[in-house]
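Colleague: my questions are about this predicted structure, shown below with the sequence.
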Amino acid sequence: MNGIVDFDLSYPSARAEVSSMHAACGVPVDDILQITHCDSFPVLGDDERSWELALDAARAVMRRSGVDPASIAQVIYAGAGEWETPFWSPAAKVAHELGIERAHCFEVANFCNAGMAAAQIALDRMARNETARDGSGREHGGYALVLLGDRLSRMVDYADPQAKALFNFGDAGGAMLLGGGERCSFALLHSAMRTDPSWSDYYFGERRDGRIVIRRGEHREGLAAAYVDNFVGLLDDTLKALDLTIDDFAYLLINHGDKSMHERLLAAIGLPREKSVFNYHRLAHMGSADTLIALRDLVDARRLARGDRVLLATSAMGFSWGITALECRQ
């Protein structure tokens, strides 16, 4: 079975400070802390670029795994689609930096669900053996590299009180090496994703003073409920497909966009708080990397054993939701 061989994360050097957000917009510090849950968190510095964070994480994975760059058949860069350089491929740039010269390099834009969407695409292609040979018919290797990298903090307007729900946007890079066989650390059991397009205009980008800033459209009630309803629906689909129950899973890990929704979802599906990871006190919302950060925490703390199953709940502007089921093979 195919899945994640190895993964790693990287963080920028700068930090967003709640005190600075308060000074910019006048929203009380306590109100901002209800969204960020910490006084500061990592964001890109002036001289840092998101694709370089993804490159750092990928270098760590490639070094640790010892995989030959020539055996990488796909390099997929996952994110919001707003790269540092327009009309440009960060996937190809990172591949070149890593010496991966024969892979198909492309981007997947699905915001904070992009990492798991890209993994699903790569693993589906592996399952169909699309990338086993190149155009000449020569064996081309069976690994894929999914890169995570966004610059979400750069698109937040801290002077806009209407944007305060986004003040917890931080930046992190990540990389997942995907493959199969005995080297697979986490097998992909199932993946289910959906979009409710009625929320498509709730947030949108606006060009202002040479950059893109995120604006919220007319306020609409019900987004938190939509999150819980869609996650529960996708979870039901996943459990039916696998013929399992929620008790068969050791953990549910989720994007850290909204702590109260996180707690509501656990209550709705009957999981105790101990069966999830809460990193709000130190990291805020690190985009598509949130669930991998939580998975890294479990691995490093030796809280996972071979055979343990883990659910990743991811979400994105649009709005889209995803449930990815993994099984630990370590």
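Modeller: Ah, there it is. Numbering: from 1, shown residues only.
Colleague: now do the same contact list for the closest residue to residue 29 other than its chain neighbours.
Modeller: Nearest residue to residue 29, sequence neighbours excluded (C-beta to C-beta, 6 or more residues apart in numbering): residue 22, at 4.9 Å. No exception for glycine: its C-beta is placed from N, CA and C like everyone else's. Residues counted as contacts of residue 22 (C-beta atoms under 8 Å, 6 or more residues apart in numbering) are 28, 29, 32.
Colleague: ok, residue 22 to residue 36 distance?
Modeller: 11 Å (C-beta to C-beta, to the nearest Å).
Colleague: which helix or which strand is home to the residue nearest to residue 29?
Modeller: Using DSSP states H and E, residue 22 sits in helix 18-25.
Colleague: list the buried residues for whichever helix or strand comes after that helix?
Modeller: Using DSSP H and E, the helix or strand that follows helix 18-25 in sequence is helix 29-36. By neighbour count on 16 or more other C-beta atoms under 10 Å, the buried set for helix 29-36 is 32, 33, 35, 36.
Colleague: repeat for stretch 239-253
Modeller: 239, 249, 250, 251, 252, 253.
Colleague: on that earlier part again, what's the angle from the helix holding residue 22 to helix 29-36?
Modeller: 110 degrees (axes from the mean of the first three to the mean of the last three C-alpha atoms, to 10 degrees).
Colleague: so which helix or strand takes in the nearest residue to residue 173 once chain neighbours are set aside?
Modeller: Among residues not flanking residue 173 along the chain, residue 53 sits closest, at 2.6 Å (C-beta to C-beta, 6+ apart). In the assignment (DSSP H and E), residue 53 maps to helix 50-65.
Colleague: CA atoms only: put the helix or strand immediately after that helix in the chain into PDB for me.
Modeller: The helix or strand immediately downstream of helix 50-65 is strand 72-79, counting by DSSP H and E. The C-alpha coordinates for strand 72-79 follow below in PDB (Å, rounded to 0.1, in the frame of the first residue of the first chain):
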ATOM      1  CA  ILE A  72      11.300  11.100  -7.800                       C
ATOM      2  CA  ALA A  73       8.600  10.900 -10.500                       C
ATOM      3  CA  GLN A  74       6.400  13.700  -9.300                       C
ATOM      4  CA  VAL A  75       7.000  17.000  -7.500                       C
ATOM      5  CA  ILE A  76       3.800  18.800  -6.500                       C
ATOM      6  CA  TYR A  77       3.800  22.200  -4.800                       C
ATOM      7  CA  ALA A  78       0.700  22.700  -2.700                       C
ATOM      8  CA  GLY A  79      -0.700  26.000  -1.400                       C
END
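Colleague: tell me the buried residues in the helix or strand just after strand 72-79?
Modeller: With elements assigned by DSSP H and E, the helix or strand that comes after strand 72-79 is helix 90-98. Neighbour-count burial for helix 90-98 flags 90, 91, 92, 93, 94, 95, 98 (criterion: 16+ other C-beta under 10 Å).
Colleague: ok, the first one touching residue 151?
Modeller: What it means is residue 90. No. Counting by C-beta atoms under 8 Å, residue 90 stays clear of residue 151, with 11.0 Å between them.
Colleague: now for these two: what residues contact both?
Modeller: Looking at what touches both residue 90 and residue 151 (by C-beta under 8 Å, 6+ apart), the common residues are 50, 84.
Colleague: which one is residue 320 nearest to, not counting chain neighbours?
Modeller: Residue 320's closest residue in space is residue 195 (C-beta to C-beta, 6+ apart), at 4.3 Å.
Colleague: and for residue 269?
Modeller: residue 246 (5.6 Å).
Colleague: hang on, the one you found packs against residue 268?
Modeller: No. Judged on C-beta under 8 Å, residue 246 makes no contact with residue 268 at a distance of 10.6 Å.
Colleague: name the residue closest to the centre of this protein, please.
Modeller: The structure's the chain has its C-alpha centroid closest to residue 288; by C-alpha atoms, centre = their mean the separation is 1.9 Å.
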